[in-house]
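In: kindly return the folded structure for what I paste below:
(chains A and B)
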Amino acid sequence: MSDEPPAPRVTSVSGTGVPIRGNDIDTDQILPARFMKVVTFEGLGQYAFYDQRVESEEPHPLEDDRFREGSIMAVNANFGSGSSREHAPQALMRWGVEGLIGESFAEIFRGNCLSLGLPTVTADSETVTEIQDWIEANPDGDIEIDVAEATVTYGGKEIDVEIDDAQKRALTEGTWDTTAVMKANFEQVRERAAALPYIEDEEIPEAR
Amino acid sequence: MSEGTLYDHVWNEHLVETLPTGQDQLFVGLHLIHEVTSPQAFGMLRERDLDVAFPERTHATVDHVIPTKDRSRPLEDEAAEEMLSALETNTSEAGITYSGPETGDQGIAHVVGPEQGLTQPGMTIVCGDSHTATHGAFGALAFGIGTSQIRDVLATGSVAAEKHDVRRIEITGELSEAATVKDLVLGLIRELGTDGGVGYVYEYGGPVVEAMSMEERMTLANMSIEGGATAGYINPDETTYEYLQGRDAVPEGEAFEERKAYWESIRSNPDAIYDDVVEFDASQIEPSVTWGITPGQVVGVTEPIPAPADLPAGQRDAAERAYEHMDVSPGETMDGYGVDVVFLGSCTNGRLPDLRAAAEVLEGHEVDTDVEALAVPGSQRVKAAAEAEGLDSIFREAGFEWRDAGCSMCLGMNGDRLEDGQVSASSTNRNFVGRQGSKDGRTILMSPEMVAAAAIEGEVTDVRTLDQ
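Out: From the prediction side, this is the model:
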């Protein structure tokens, strides 16, 4: 086997920020269901936060010229709750988001972000609010999420953040695209299946 | 970490390997797929020149975009037709069984799996849909996954997962006659929070759960995800085995007894160790509704809507957004809140007993003239069973439209959707802004009985006060 990992290593991401305030921002807000009537993820970026961004009179940060190019999204608690739709993080990624800092993330959403190589790091409410305030005051300022070090740097300040251990390793070692990694264990998959009382022998595929 | 729970047992039985990241690779016993989240995964397989590893452990149905009225092909909605066609092509090429509309077996994945006996205790079950949690009612470890994970499962028969803590939720007391499991689960989410389950799998138990029917258990497990837990389960028991006996995919005779021995073996040990234990008293529950925009913003139907000061600090901002979106004020009750649409259906409450319960309330009444009322069975089999006992006539005579099976107005992808600021009384699971297809639409979650009451009165109504 070559030393090349199955996916690119994501050790750090950086760019200007975009603050999305509010707890419980669910996946129906991030990507409304009607835009899921597609058989590929291409072009989903234009529908990120569509109802709040395009269909609403209230200004939305993603429609704000200061944050439109922002690639580091700062969010509050329970971000991405609700549906399992990968369409939601796909839309954010295709809009240009490369990493998220939040108080907490819904689990399937966080897992989906990992499948796309998007880091999701967490910090307490006060810290996240400070970052959001700082982004608003410094829309051109760079924020960096260092995945390996579990830090966020902005405005000459470095703070510690939380990052789940498996996520950190998957991103920094380039193993977040799990298909190849798991396929290498196919013989063990067959063995495991054969040991389960509800699996018939004929359901188990040939070794490959 | 937990020890000796069903979760630990099933995890260990399915553990293939610990991956370099520290995640575990788990064998997947049943993979349910549908038209919305799978076509991209099949596309990824083609790009990588990979086959479906375990076609016989995979089962497909069409639920989210399928119309509930006119199903003639090609479907009128071109995008829906494209998704349906892609599913047909993908399943036929891979040799995956597909419960399509022409089979009489089509329906919502989480209704189809149990009713065909595909869902069994001690399995790992995944699907590209967060309400996969439903199958935990059988003592399966069942959770929703994203499309990249669907690709993984298709290609390898396994999924990468991180082990969670287990919280035992012991439900004690007794549900009052007017209160349903839907009211109970809404009360539970109100108590523990919409993110209370993050990092946990929920084990539901205690006398109230043991007394529940399988359909009630499915309603309870279904909404685990609304409480932030991706999975929730109930230990299998005689109720489970009775439900399973005689279903298509369940073995018979001696083979059934052998299978049952496995089911028994995966139950939580009497001395199992939990990471957290919560006790919840069911006797305090009354018919309930949501007043806001998350499934945790819940009140008893005659109980005042809380003020921000009554809520934990973290919930106040969502409460402010909720007052505005729903146009309600603290101190008011939801009783009497006008509704335009009522929707009976979904993977939460679209099963035969749900239709029966609503029909019982409806019988002898008529739907308010200003209300559009939809009854959408969870599957074609549920529909046929309901018709066999005459429920469709009760719905039709009362003024409901009796539709074909699917997710329908739960999320509004099939053409059934709210318009503008319409208010919907709904037996579904989510009241998020925009959930039912209109960003100004308003959704009020409740039990099937309460949906029927709202249909009759044209407003949110305490089902206990309806004239019988």
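
In: point me to the helix or strand that includes the nearest residue to B:Tyr241 once chain neighbours are set aside.
Out: Among residues not flanking B:Tyr241 along the chain, B:Lys260 sits closest, at 5.9 Å (Cβ to Cβ, 6 or more residues apart in numbering or on different chains). In short, each C-beta sits where N, CA and C put it, glycine included. Taking DSSP states H and E as the definition, B:Lys260 sits inside helix B:253-265.

In: now do that helix: everything it contacts.
Out: A:197-198, B:9, B:120-122, B:139, B:236, B:240-241, B:245, B:250-251 (Cβ atoms under 8 Å, 6 or more residues apart in numbering or on different chains).

In: which positions in that helix come out as buried?
Out: B:259-260, B:262-263 (16 or more other Cβ atoms under 10 Å in any protein chain shown).

In: export that helix to CSV, keeping only CA atoms.
Out: Taking Å, rounded to 0.1, in the frame of the first residue of the first chain, the C-alpha atoms of helix B:253-265 are listed here in CSV:
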residue,chain,number,x,y,z
GLY,B,253,-41.6,-22.7,13.4
GLU,B,254,-38.3,-23.9,14.8
ALA,B,255,-36.3,-21.3,13.0
PHE,B,256,-38.5,-18.7,14.8
GLU,B,257,-37.6,-20.2,18.2
GLU,B,258,-33.9,-20.1,17.3
ARG,B,259,-34.1,-16.5,16.2
LYS,B,260,-36.0,-15.7,19.4
ALA,B,261,-33.1,-17.1,21.4
TYR,B,262,-30.9,-14.5,19.8
TRP,B,263,-33.4,-11.7,20.4
GLU,B,264,-33.5,-12.7,24.1
SER,B,265,-29.8,-12.8,24.3
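
In: and it, average pLDDT?
Out: Averaging pLDDT along helix B:253-265 gives 98.

In: now it, how far from the centre of its chain.
Out: 27 Å (Cα atoms, centre = their mean, to the nearest Å).

In: list the helices and strands the helix or strand just after it packs on?
Out: Using DSSP H and E, the helix or strand that follows helix B:253-265 in sequence is strand B:276-281. For strand B:276-281, the elements it packs on are strand B:165-172, helix B:181-192, judged by 3 or more Cβ pairs under 8 Å, 6 or more residues apart in numbering or on different chains; DSSP states H and E.

In: hmm, who's touching strand B:276-281?
Out: Counting by Cβ under 8 Å, 6+ apart, residues outside strand B:276-281 touching it are B:165-173, B:187-188, B:191-192, B:200, B:206.

In: indicate each strand paired with that strand and its parallel or antiparallel sense.
Out: Partners of strand B:276-281 in the sheet, by DSSP bridges, are strand B:165-172 (parallel).

In: now the angle from the partner strand to helix B:181-192?
Out: Here strand B:165-172 runs at an angle of 120 degrees relative to helix B:181-192 (axes from the mean of the first three to the mean of the last three Cα atoms, to 10 degrees).

In: give me the contact list for strand B:165-172.
Out: Contacts of strand B:165-172 (Cβ under 8 Å, 6+ apart): B:1-2, B:5, B:7-8, B:184, B:188, B:197, B:199-209, B:229, B:274-282.

In: what residues sit buried inside the helix of greatest length in chain A?
Out: Secondary structure of chain A read by DSSP state H shows that its longest helix is helix A:125-137. Neighbour counts over helix A:125-137 (16+ other Cβ under 10 Å) mark A:127-132, A:134-136 as buried.

In: again, but for stretch A:111-127
Out: Buried-residue list, stretch A:111-127, by 16+ other Cβ under 10 Å: A:111-123, A:127.

In: and that stretch, anywhere near chain B?
Out: Yes: legend: contact between stretch A:111-127 and chain B by Cβ under 8 Å from any Cβ of the partner chain is shown at A:111-112, A:115-116, A:125.

In: okay, among those residues, which ones form the most distant pair?
Out: A:Ser115 and A:Ser125 (27.2 Å; Cβ to Cβ).

In: now for the helices and strands packed on strand B:276-281, which one comes closest to A:Asp142?
Out: So among the helices and strands packed on strand B:276-281, strand B:165-172 is nearest, using Cβ to Cβ, at 36.9 Å.

In: can I have that closest one written out in CSV, keeping just the CAs?
Out: C-alpha atoms of strand B:165-172 as CSV (Å, rounded to 0.1, in the frame of the first residue of the first chain):
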residue,chain,number,x,y,z
ASP,B,165,-23.3,6.8,26.1
VAL,B,166,-26.6,5.1,27.1
ARG,B,167,-29.3,6.9,29.0
ARG,B,168,-32.0,4.8,30.5
ILE,B,169,-35.3,6.6,30.5
GLU,B,170,-37.6,4.9,33.0
ILE,B,171,-41.2,5.8,32.4
THR,B,172,-43.3,5.3,35.5
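
In: what about the closest residue to B:His135 other than its chain neighbours, neighbour count?
Out: Leaving aside its sequence neighbours, B:His135 sits nearest to B:Ala142 (Cβ to Cβ, 6+ apart; 3.6 Å). B:Ala142 has 31 neighbouring residues, counting by other Cβ atoms under 10 Å in any protein chain shown.

In: so where does the residue nearest the centre of chain A fall, helix or strand?
Out: For chain A, the residue nearest the mean C-alpha position is A:Cys113 (2.7 Å; Cα atoms, centre = their mean). Secondary structure from DSSP H and E places A:Cys113 in helix A:107-115.

In: show me what that helix is packed against.
Out: helix A:87-95, strand A:120-122, helix A:165-173, helix B:147-156.

In: in the third one, what counts as buried?
Out: Of the residues in helix A:165-173, A:166-173 count as buried by neighbour count, 16+ other Cβ under 10 Å.

In: relative to B:Asp335, which of the residues you listed is nearest.
Out: The closest of those, once distances to B:Asp335 are taken by Cβ to Cβ, is A:Gln167, at 46.0 Å.

In: which residues touch the closest one?
Out: A:110, A:114, A:119-120, B:21.

In: again, only using 10 Å
Out: A:10, A:110-111, A:113-114, A:119-121, A:147, A:176, B:21-23, B:162 (Cβ atoms under 10 Å, 6 or more residues apart in numbering or on different chains).

In: for those, which one is nearest B:Tyr337?
Out: Closest to B:Tyr337, out of all of those and judged by Cβ to Cβ, is A:Arg110, at 35.1 Å.

In: and the helices in chain A?
Out: Counting by DSSP H, the helices of chain A are A:27-30, A:50-53, A:87-95, A:107-115, A:125-137, A:165-173, A:178-183, A:186-195.

In: cool, the stretch 251-400 of chain B as well?
Out: B:253-265, B:316-326, B:346-349, B:352-362, B:380-388, B:391-398 (DSSP state H, counting those that start in this stretch).

In: are stretch B:198-218 and chain A in contact anywhere?
Out: Yes: interface with chain A: stretch B:198-218 contributes B:198-200 (Cβ under 10 Å from any Cβ of the partner chain).

In: quick one: which of those residues is nearest to B:Tyr323?
Out: Relative to B:Tyr323, the closest of the residues of stretch B:198-218 next to chain A is B:Val198; by Cβ to Cβ it sits at 25.4 Å.

In: so what's the residue count around the closest residue to that closest one other than its chain neighbours?
Out: Counting by Cβ to Cβ, 6+ apart, the nearest residue to B:Val198 once its immediate chain neighbours are dropped is B:Gly228, at 4.4 Å. Look at B:Gly228: counted by other Cβ under 10 Å, it has 23 neighbours.

In: and B:Gly228, what is it in contact with?
Out: By Cβ under 10 Å, 6+ apart, the neighbours of B:Gly228 are A:78, A:81, A:104, A:106-107, B:189, B:192-200, B:202, B:296.
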